[in-house]
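Undergrad: Quick one, what's the 3D model for this:
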Amino acid sequence: MNIHFIAIGGAAMHNLAIALHKKGYKITGSDDEIFDPSKSRLDKYGLLPEQFGWFPEKITKDIDAVILGMHAKPDNPELKKAQELGLNIYSYPEYLYRESRRQKRVVVAGSHGKTTITSMILHVLAAQNKPVNFMVGSQLKGFETMVKLDDQLDTIILEGDEYLSSPIDPRPKFLWYRPHLTVISGIAWDHMNKFPDKQDYIYQFEKYIETIEPNGTLIYNEEDPILKDLVNHQHSNLKIISYKTPAYEKSGNQFFILDENRKIPMQILGAHNMQNTEAARQICNQLGVSKEAFFQAMQSFKGADKRLEKLAENKQSVIFKDFAHAPSKVGASVSAVKESYPNKKLIAVLELHTYSSLNRKFLPEYKNKLNAADEAIVFYSPKAVALKGLDPIPPALIAKEFNHPNLKVFTDPEKLHSHLYEMDLKNAALLLMSSGNYGGLDLNKIKGKINL
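TA: I've put the predicted structure just below:
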């Protein structure tokens, strides 16, 4: 198979390229810019393009398949050439389905917790020496890449993203996977740029449930009212299993799941992660992993990359970095840190970075999401708002919509950086939440404040 990747440098795309290379496929690719870690990984396998840019002459009739990444535009010159030649053009999820169509497909879906739950499942299966294929949205500790495709294995674990498939395919990615077994962690409106109406966003999950293979299994979070209502209106031949947050307790900064007469020590924090653990347990149970084996393996799980990642800690202070940006994720992360460190001053710093978070109509979704924090800071760039073609946002509107009694709003990155560098972190828990970088914040300088 000769396969060409348009936008090979993407976080997901380069992992798929490497996985197919390992299968013996001939891989080529293009991109207009590639950064690490994608750049180093592609270079390691001889897949890094010699030149950055788009080169239609790379597209020939000898190519069996073209895989199109989201970074490319609909008028991409290589895409146009592939269309002119009538080549087979696939989105990332469509090709994943093609590779796994003869395997048992296990999909983790939901507005939040997908990466963490998928990571938990893979961690437990690895501990049980149960090899599976997989695709997960974050780099996992102990795994070289985020995608594995081995024809000798009969099961694949897929993180089911509801975002669009490609620049020319507006369907959500998870509609391609047709799972035999799936878990849905919850539904909270996101991706307003593609789903401007909340009901339309919810409808994508309704369509997703309809794609489950006949006689398949749906596991869902019964504590989510939107999801519960959606599942209750299903009239299908699915096996349906509900789950909820398990009983747990906390001692110091450590959480313990209570199971019958046992207290299972966990290395992850917060009620939301306890709930994620139960979702993973239910999936693993369907894959033949006993409760005892599951909890034994989970005691060494330290969390998914960039999800409540502990940057630094001493006897008085602790600093976390988190990928949270959507309202439901922000609320869960803030609550988790406060629950874990109730006697410390919690300082929550959120960067509004995505199209949805910078949209006036979406801001009300953040109401009270930072309220578990003693001090709250919101940073956003008016320039980023303008570049996304959105209406300007006055700081006063941020303060109003977040409804936090002690909220500071920054629009100048330098002023934000100075404020954070000078902040007193004595007896404090600092939580940094963003899918961006706060306009170039020096995390090492922040860590150094408590590593002195």
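Undergrad: and Glu159, what element?
TA: strand 155-160 (DSSP states H and E).
Undergrad: what's that strand packed up against?
TA: Here strand 155-160 touches helix 92-100, strand 104-109, helix 114-127, strand 133-135, going by 3 or more CB pairs under 8 Å, 6 or more residues apart in numbering; DSSP states H and E. Placement of C-beta: from N, CA and C, glycine included.
Undergrad: Listing partners with orientation, what would you give for it?
TA: strand 104-109 (parallel), strand 133-135 (parallel) (DSSP bridges).
Undergrad: what is the rounded mean pLDDT of the last one?
TA: Across strand 133-135, the average pLDDT comes to 97.
Undergrad: Each with direction, which strands does the helix or strand just after it pair with?
TA: Using DSSP H and E, the helix or strand that follows strand 133-135 in sequence is strand 147-148. Next to strand 147-148 in the sheet, as set by DSSP bridges, lie strand 133-135 (antiparallel).
Undergrad: In the partner strand, which of the residues would be classed as buried?
TA: 133-135 (16 or more other CB atoms under 10 Å).
Undergrad: now swap in stretch 279-293 and tell me
TA: In terms of neighbour count (16+ other CB under 10 Å), stretch 279-293 has its buried residues at 279-284, 286-287, 289.
Undergrad: just to revisit the earlier point, which one, of the helices and strands packed on strand 155-160, ends up nearest to Ser185?
TA: Smallest distance to Ser185 across those (CB to CB): 6.3 Å, for helix 114-127.
Undergrad: before we move on, back to that, please produce a markdown table containing the helices and strands packed on strand 155-160, extended by distance to Lys244.
TA: Listed next are the helices and strands packed on strand 155-160 as a markdown table, based on distance: least, CB to CB, whole Å:
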| stretch | distance to Lys244 |
| --- | --- |
| helix 92-100 | 30 |
| strand 104-109 | 17 |
| helix 114-127 | 14 |
| strand 133-135 | 26 |
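Undergrad: Okay, domains of this structure per the record?
TA: 2-87, 95-298, 309-448 (automatic domain parsing).
Undergrad: Next, the distance between the ends of the longest one.
TA: Domain 95-298 has its terminal residues 32 Å apart, counting by CA to CA, to the nearest Å.
Undergrad: among the helices and strands packed on strand 155-160, which is nearest Ile264?
TA: helix 114-127 (12.9 Å).
Undergrad: Enumerate the positions of the closest one that are buried.
TA: 114-125, 127.
Undergrad: ok, residues contacting that helix?
TA: 106, 108, 110, 131-132, 134, 136-138, 140, 142-143, 157-161, 183, 185, 273, 276-277, 279-280, 283-284, 287, 289, 293-294, 296-298, 300-301, 303-304, 307 (CB atoms under 8 Å, 6 or more residues apart in numbering).
Undergrad: still on that earlier bit, would you reformat the buried residues of stretch 279-293 as CSV and include pLDDT?
TA: As requested, these are exported to CSV (pLDDT from 0 to 100):
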residue, pLDDT
Ala279, 98
Ala280, 98
Arg281, 98
Gln282, 98
Ile283, 98
Cys284, 98
Gln286, 98
Leu287, 98
Val289, 98
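Undergrad: Throw together a ChimeraX command that grabs the buried residues out of the contacts of helix 114-127.
TA: To isolate the buried ones among the contacts of helix 114-127 in ChimeraX, judged by 16+ other CB under 10 Å, type:
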select :106,108,110,132,134,136,137,138,140,157,158,159,160,161,183,185,273,276,277,279,280,283,284,287,289,294,297,298,301,303,304,307
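Undergrad: before we move on, back to that, so which of the helices and strands packed on strand 155-160 comes closest to Tyr208?
TA: The nearest among these, by CB to CB, is strand 104-109 at 6.2 Å.
Undergrad: Residues contacting the closest one, please?
TA: Applying CB under 8 Å, 6+ apart, the contact partners of strand 104-109 are 97, 114, 117-118, 121, 154-160, 162, 174, 177-185, 205, 208, 213, 279, 283, 287.
Undergrad: what do you get for stretch 359-370?
TA: So stretch 359-370 is contacted by 188-189, 192-193, 196, 327, 330-331, 334, 348, 350, 356-357, 376, 378, 390-391, 393, 397-398, 401-404, 407 (CB under 8 Å, 6+ apart).
Undergrad: What of stretch 291-303?
TA: Contacts of stretch 291-303 (CB under 8 Å, 6+ apart): 116, 119-120, 123-124, 127-128, 141, 257, 259, 262, 264-268, 273, 277, 280-281, 284-285, 309.
Undergrad: That stretch - what's its average pLDDT?
TA: In this model, stretch 291-303 has an average pLDDT of 95.
Undergrad: likewise stretch 230-243?
TA: For stretch 230-243, the mean per-residue pLDDT is 89.
Undergrad: Show me where the stretch 251-400 of the chain has its helices.
TA: Counting by DSSP state H, counting those that start in this stretch, the stretch 251-400 of the chain has these helices, from start to end: 271-286, 291-298, 327-340, 382-387, 395-402.
Undergrad: what's the spacing between the shortest one and its chain's center?
TA: A distance of 24 Å separates the centroid of the chain from that of helix 382-387, by CA atoms, centre = their mean, to the nearest Å.
Undergrad: Please work out how many residues are found near Pro225.
TA: Pro225 has 10 neighbours, counted by other CB atoms under 10 Å.
Undergrad: pLDDT weak spots in the stretch 201-350 of the chain?
TA: Low-confidence segments of the stretch 201-350 of the chain (pLDDT under 70): 235.
Undergrad: and with 90 instead?
TA: Filtered on pLDDT under 90, the stretch 201-350 of the chain yields the residue ranges 233-237, 252-253, 260-261, 302-310, 315, 323-326, 328.
Undergrad: what does the stretch 1-150 of the chain give?
TA: Those would be 36-37, 71, 137-145, if you go by pLDDT under 90 across the stretch 1-150 of the chain.
Undergrad: Go again with 80.
TA: For the stretch 1-150 of the chain, the stretches with pLDDT under 80 are 137-143.
Undergrad: still on that earlier bit, nearest to Glu50, out of the helices of the stretch 251-400 of the chain?
TA: Nearest of the helices of the stretch 251-400 of the chain (CB to CB): helix 382-387, 30.8 Å.
Undergrad: can I get the CA coordinates of the closest one in PDB?
TA: Taking C-alpha atoms only, helix 382-387 is exported to PDB below (Å, rounded to 0.1, in the frame of the first residue of the first chain):
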ATOM      1  CA  PRO A 382      -8.200  40.300  22.100                       C
ATOM      2  CA  LYS A 383      -6.000  39.700  19.100                       C
ATOM      3  CA  ALA A 384      -7.000  36.000  19.100                       C
ATOM      4  CA  VAL A 385     -10.700  37.000  19.300                       C
ATOM      5  CA  ALA A 386     -10.200  39.200  16.200                       C
ATOM      6  CA  LEU A 387      -8.300  36.600  14.300                       C
END
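Undergrad: Now do the end-to-end distance for stretch 54-63.
TA: End residues of stretch 54-63 are separated by 16 Å (CA to CA).
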